[in-house]
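Q: A structural model of the following input is requested.
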Amino acid sequence: MAKNHIQLLCLVAVTIHSLADAEINSGGGKSLDGVIYNQSSIGDPFATLTTESHLTSNHHGLIEVIYPITPSSISDVNGNGLPDGWEVQYFGALGADPAADGDNDGTSNLLEYLAGTNPNSPSSVFRPQGTYISGVFKLPIPCVSGRNYQIWVSRDLQSWTLKSTLTGNNLEQIFEFDETTITSGSLHCPIHPSNYFFRIQILIP
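A: Here you go, the predicted structure:
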């Protein structure tokens, strides 16, 4: 892969050896219990390419999102992964299908719960999009209350570095990444711009 652009990709079929505390990987992997598969990709950022005229052109790609498991301390009498209180709040009763997507936003009820979004609103979905301007990648993240967010960066899809942890406060927070400020370590590259890959891990405190 030519090292002349920042590229944001969905990490399809990535081995989940580093995701010990995560059940669902939106990159296409299955849950640790071998039951739930991701039928849709989460994320809608882009890769930024340098054209021959030294301008930039944006192309759609994917950022990987890693979801938590439903906390065992939460009441879930039917064992569908959706907390009882959450089901009643959004569906009026227990028994919602965790794999259903009633608002047709490409995200299942289970992923909506884990991300802290509204399963009945197509405009409420965790789909962060970034921009790459003047050498700085900016990723606005809607940080809902009751969720925390870790942003990881890699150059080789093998070694990942935690660059930021955000606490949910119902506000949009912006993660910024300027590769020219990295002078050592696994993320350092003497050539700019270079390839970088990003993923967001959602945590339920």
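
Q: mind checking which helix or strand Glu172 is in?
A: For Glu172, the element it lies in under DSSP states H and E is strand 171-178.

Q: partner strands of that strand, parallel or antiparallel?
A: Applying DSSP bridges, strand 171-178 is found paired with strand 136-143 (antiparallel).

Q: what's the partner strand in contact with?
A: 6, 45, 63, 126, 128-132, 149, 151, 166-178, 196, 198, 200 (C-beta atoms under 8 Å, 6 or more residues apart in numbering). Placement of C-beta: from N, CA and C, glycine included.

Q: the residues you listed, buried ones only, as a ChimeraX selection?
A: Applying 16 or more other C-beta atoms under 10 Å to the contacts of strand 136-143, the buried members can be selected in ChimeraX as follows:
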select :6,45,63,126,128,129,130,132,149,151,166,168,175,177,196,198,200
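
Q: those helices in this protein, which residues are they?
A: Using DSSP state H, the helices of the chain run over 84-91, 109-115.

Q: which of the ones you listed is buried the deepest?
A: helix 109-115 (a mean of 24; mean count of other C-beta atoms under 10 Å).

Q: can you redo the helices of the chain as CSV with mean pLDDT?
A: Converted to CSV, the helices of the chain look like this (pLDDT from 0 to 100):
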stretch, mean pLDDT
helix 84-91, 97
helix 109-115, 92
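
Q: need those in TSV with distance to Gly185, can you?
A: Formatted as TSV, the helices of the chain follow (distance: least, C-beta to C-beta, whole Å):
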stretch	distance to Gly185
helix 84-91	40
helix 109-115	30
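
Q: and of these, who's closest to Pro98?
A: helix 109-115 (3.8 Å; C-beta to C-beta).

Q: elements contacting the closest one?
A: Counting by 3 or more C-beta pairs under 8 Å, 6 or more residues apart in numbering; DSSP states H and E, the packing neighbours recorded for helix 109-115 are strand 24-25, strand 64-67.

Q: mean pLDDT for those: which is lowest?
A: Lowest mean pLDDT of the helices and strands packed on helix 109-115: strand 24-25, a mean of 39.

Q: run through this protein and note the low-pLDDT ranges.
A: Scanning the chain for pLDDT under 70 picks out 1-62.

Q: quick one, strands of this protein?
A: Applying DSSP state E to the chain gives strands spanning 24-25, 46-50, 56-60, 64-67, 131-133, 136-143, 148-154, 161-167, 171-178, 197-203.
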